[in-house]
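Chemist: For reference, the sequence and a predicted model appear below.
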Amino acid sequence: MKLPIAAISVTAALCLVGCKSAQIENKEDLLSAAGFQMKPANTPERQAALKTLPPNKFVPKTQGDKTEYVYADPVVCNCLYVGDQNAYNAYKREVYQRNLADEQQLTAQMYTQPFAWGGWDWGYWGWRGRWW
């Protein structure tokens with residue numbers, strides 16, 4: 001059974017949208033697991049302060065010899081995550097390990113799925129044995 005190119009494109013686009021949404025929610029779990037503390041923006045003052053920070057980005061705040069990292073999330077939890085250097089390092093380490101695992105899984109799939117090495121119907125592309 002052959003799927004039209006449009007169906008494949010729509011499926012890929014939906015997967016990307018779903019993956020991005022899952023990444024954002026997953027980030028909240030990773031922050032908490034790494035030791036970041038969630039501070040809800042539950043007062044008008046906190047709401048205003050949250051809006052001054054770049055959304056979904058780490059911002060280092062240094063006081064004296066201590067650095068804390070602030071992560072503003074105005075969409076998923078309407079909150080602020082605050083963590084020290086150890087929490088930030090733990091978060092980065094976990095993200096790196098997950099990315100590495102994802103990359104290894106993708107590589108394994110490429111070598112096991114017929115799609116990756118010629119099992120796909122090249123007729124749509126007019127392929128005649130040469131890529132160019």
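Modeler: Thanks, I have the structure now.
Chemist: now for the one helix or strand V82 maps to, which elements pack on it?
Modeler: Per DSSP states H and E, V82 falls inside strand 79-84. Other helices and strands packing on strand 79-84, by 3 or more C-beta pairs under 8 Å, 6 or more residues apart in numbering; DSSP states H and E, are helix 5-34, strand 37-40, helix 44-51, strand 66-73. All C-beta spots, glycine's among them, are computed from the backbone N, C-alpha and C.
Chemist: That strand pairs with which strands, parallel or anti?
Modeler: strand 37-40 (antiparallel), strand 66-73 (antiparallel) (DSSP bridges).
Chemist: Skipping adjacent residues, who's closest to K66 in space?
Modeler: Once flanking residues are discounted, K66 sits nearest to D84: 7.4 Å by C-beta to C-beta, 6 or more residues apart in numbering.
Chemist: Go ahead and confirm the one you found touches D65.
Modeler: No. In this structure D84 lies outside contact range of D65 using C-beta atoms under 8 Å: 11.9 Å.
Chemist: Looking at those two, which is more packed in?
Modeler: A direct count of neighbours by other C-beta atoms under 10 Å for D84 and D65 places D84 higher, at 15 against 5.
Chemist: Can you list the low-confidence ranges for the protein?
Modeler: 1-25, 108-132 (pLDDT under 70).
Chemist: can we see that at 50?
Modeler: 1-22, 116 (pLDDT under 50).
Chemist: and N86, what does it touch?
Modeler: Listed by C-beta atoms under 8 Å, 6 or more residues apart in numbering, the contact set of N86 reads G35.
Chemist: Comparing the strands paired with strand 79-84, which comes out most buried?
Modeler: Each of the strands paired with strand 79-84 was scored by mean neighbour count; the highest is strand 66-73, a mean of 18, by mean count of other C-beta atoms under 10 Å.
Chemist: Okay, G35 and Q85: tell me how far apart.
Modeler: 10 Å (C-beta to C-beta, to the nearest Å).
Chemist: and if you look at K51?
Modeler: 26 Å.
Chemist: sorry, back to before: what pairs with the residue nearest to K66 across the strands?
Modeler: E68.
Chemist: Please tell me how far it sits from K27.
Modeler: For D84, the distance to K27 - C-beta to C-beta - is 18 Å.
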